[in-house]
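>>> model this:
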Amino acid sequence: MTIEFNKPHLTGKEAHYMYEAVHNRHISGNGVFTKRCHQFIEKKYGINKCLLTTSCTDALEMAAILSNIRPGDEVIMPAFTFVSTANAFVLRGAKIVFADSYSHNPNIDASKIEELITEKTKAIIPVHYSGVACDMDMIMELAKKYNLIVIEDAAQAIDSYYKGRPLGSIGHLGAYSFHETKNIISGEGGALIVNDKQYENRSEIIWEKGTNRAAFFRGEVNKYGWVDIGSSFLPSDITAAFLFAQLEEVEKILEKRKWIWNRYYKALLPLAQVGCFQLPLIPDYATINGHIFYLTCENLEERTLLINYLNQKGIHAIFHYLTLHQSPFFLNQHDGRLLPNAEYFTNCLVRLPLYHDLDESTIDYIVDAVFEYYENFVPTPSELLPERRKTYLDMVHST
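From the prediction side, this is the model:
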């Protein structure tokens, strides 16, 4: 048996809508399906303006341009994140100031942000790891106090919420990803979310290569030209057609993924209770969207041995980000602060397979393999494990 870490889920309508896009004879950007996606996202999540992009990376780069990030500006973000979060602002000449994670949660520790703010700080970039919200009230209060821009990296967070508000809709700007590893996919793809209306008109110009072309096609101007900087950020309408098929099924897709997440959590709780590892801690203000299920081991050696054991059982479990402040590119630029929690998640976090088509028997096989590893290879209060495991199995199979 080989269990992949991720399998893209298809709703069955993707090819039909892509054919329709081709038949419409408008397969470049900003076609019929692009508009449908914009309208869907704006209506469902109460968003002021959505612009599809070729990737979440592009959405972040657009946000950096809209924020007028210039050489010498400082931008605060978590060290435990993907390189795109930083690259978007490095490309504008910004100095990246990395913040630590919480000890119990990979998200940026909002209580540590204020001490990093200087007169050169321009923006804060919270990253909602695994679709679990950062403390947005604290972050937005800091932004208001110091006149900063908040750009939510919500790459993993579509249809997840902070105190009832959709992630991506709270900061001045936000960014979603529709990469094939995400919950809602288009192969490659993303979206810029414009919540602050002051950025609305310029965002569309940057999106259209620095021209007012979109306004021209709406009949708002009688000709279009080069009016600002920008690039070709908009995706093909074929990509948008694929995405629209996914968006139509967003609730059904996420319901299944959350069911899988919760089954993992309940199954592995007995091991966490005897100290084998830590399970995700979800703050009261946050929800899950079933994007990632992870556990955190005691140390790097144990994490490595667990991953190797699962791989031997045909289970593709993997680690995640290498902290950016220790990366070869940035190491000499970091100010020397220790970020122990970010390093902990780099060394100890394990992601288990999670995709829409994962079934009960496969989940149970993965859970059994994790139990086997801790029962047989790790010095724990192992006499407690078989009974706790039996209690769990009796519980899930009776429901």
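>>> Count the neighbours of the nearest residue to Glu188 once chain neighbours are set aside for me.
Of all residues not flanking Glu188 in the chain, Ser55 sits nearest, at 5.5 Å (C-beta to C-beta, 6 or more residues apart in numbering). Heads up, the C-betas are built off the backbone N, CA and C, glycines and all. Ser55 has 21 neighbouring residues, counting by other C-beta atoms under 10 Å.
>>> if you go through the stretch 1-150 of the chain in chain order, where are the strands?
Applying DSSP state E, counting those that start in this stretch to the stretch 1-150 of the chain gives strands spanning 49-53, 74-78, 95-99, 121-124, 149-153.
>>> Present these as JSON lines; the columns should include mean neighbour count and distance to Pro283.
JSON lines is the format used below for those (neighbours: other C-beta atoms under 10 Å; distance: least, C-beta to C-beta, whole Å):
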{"stretch": "strand 49-53", "mean neighbour count": "25", "distance to Pro283": "27"}
{"stretch": "strand 74-78", "mean neighbour count": "25", "distance to Pro283": "15"}
{"stretch": "strand 95-99", "mean neighbour count": "22", "distance to Pro283": "17"}
{"stretch": "strand 121-124", "mean neighbour count": "24", "distance to Pro283": "18"}
{"stretch": "strand 149-153", "mean neighbour count": "27", "distance to Pro283": "16"}
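>>> need those strands in TSV with distance to Met62, can you?
Shown next, in TSV, are these (distance: least, C-beta to C-beta, whole Å):
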stretch	distance to Met62
strand 49-53	7
strand 74-78	15
strand 95-99	18
strand 121-124	13
strand 149-153	10
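>>> out of the ones you listed, which comes closest to Gly164?
Closest to Gly164 of the strands of the stretch 1-150 of the chain is strand 149-153 (C-beta to C-beta; 15.7 Å).
>>> who's in contact with the helix or strand following the closest one?
Note on strand 149-153: by DSSP states H and E, the next helix or strand toward the C-terminus is strand 161-162. For strand 161-162, contacts defined as C-beta atoms under 8 Å, 6 or more residues apart in numbering pick out 133-134, 136, 167, 170, 285-287.
>>> can you do 10 Å?
Contact with strand 161-162 is made by 45, 126, 128, 131-137, 152, 167-170, 283, 285-289, as judged by C-beta atoms under 10 Å, 6 or more residues apart in numbering.
>>> Mind giving me the packing neighbours of the helix or strand just after it?
As assigned by DSSP H and E, the chain's next helix or strand after strand 161-162 is strand 165-166. Judged by 3 or more C-beta pairs under 10 Å, 6 or more residues apart in numbering; DSSP states H and E, the packing partners of strand 165-166 are helix 32-45.
>>> mind checking the SS state of Gly168?
For Gly168, the assignment made with DSSP: H, G, I helix; E, B strand; the rest coil gives coil.
>>> ok, how many other residues are close to it?
Residue neighbour count, defined by other C-beta under 10 Å, stands at 29 for Gly168.
>>> same question, Pro280
Pro280: 21 surrounding residues under other C-beta under 10 Å.
>>> doesn't Phe33 make contact with Lys13?
No: the pair Lys13 / Phe33 is not scored as a contact, 11.4 Å apart, by C-beta atoms under 10 Å.
>>> hmm, back to that, and the contacts of strand 161-162, which of them are in helices?
45, 136-137 (DSSP state H).
>>> now these in CSV, with neighbour count, distance to Lys122 and pLDDT?
As requested, these are exported to CSV (neighbours: other C-beta atoms under 10 Å; distance: C-beta to C-beta, whole Å; pLDDT from 0 to 100):
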residue, neighbour count, distance to Lys122, pLDDT
Tyr45, 19, 26, 97
Met136, 23, 19, 98
Asp137, 13, 21, 98
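>>> Format those as a markdown table; extra columns: distance to Gln273.
Listed next are the ones in helices among the contacts of strand 161-162 as a markdown table, based on distance: C-beta to C-beta, whole Å:
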| residue | distance to Gln273 |
| --- | --- |
| Tyr45 | 37 |
| Met136 | 31 |
| Asp137 | 31 |
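>>> Just the closest of those residues to Ala240, please.
Proximity of the ones in helices among the contacts of strand 161-162 to Ala240 (C-beta to C-beta) peaks at Tyr45, which lies at 17.1 Å.
>>> Please tell me how far that closest one sits from Leu295.
As defined by C-beta to C-beta, to the nearest Å, Tyr45 lies at a distance of 30 Å from Leu295.
>>> pLDDT at Tyr26, what is it?
Not quite, residue 26 is His, not Tyr. Here, the pLDDT recorded for His26 equals 88.
>>> Sounds good, over and out.
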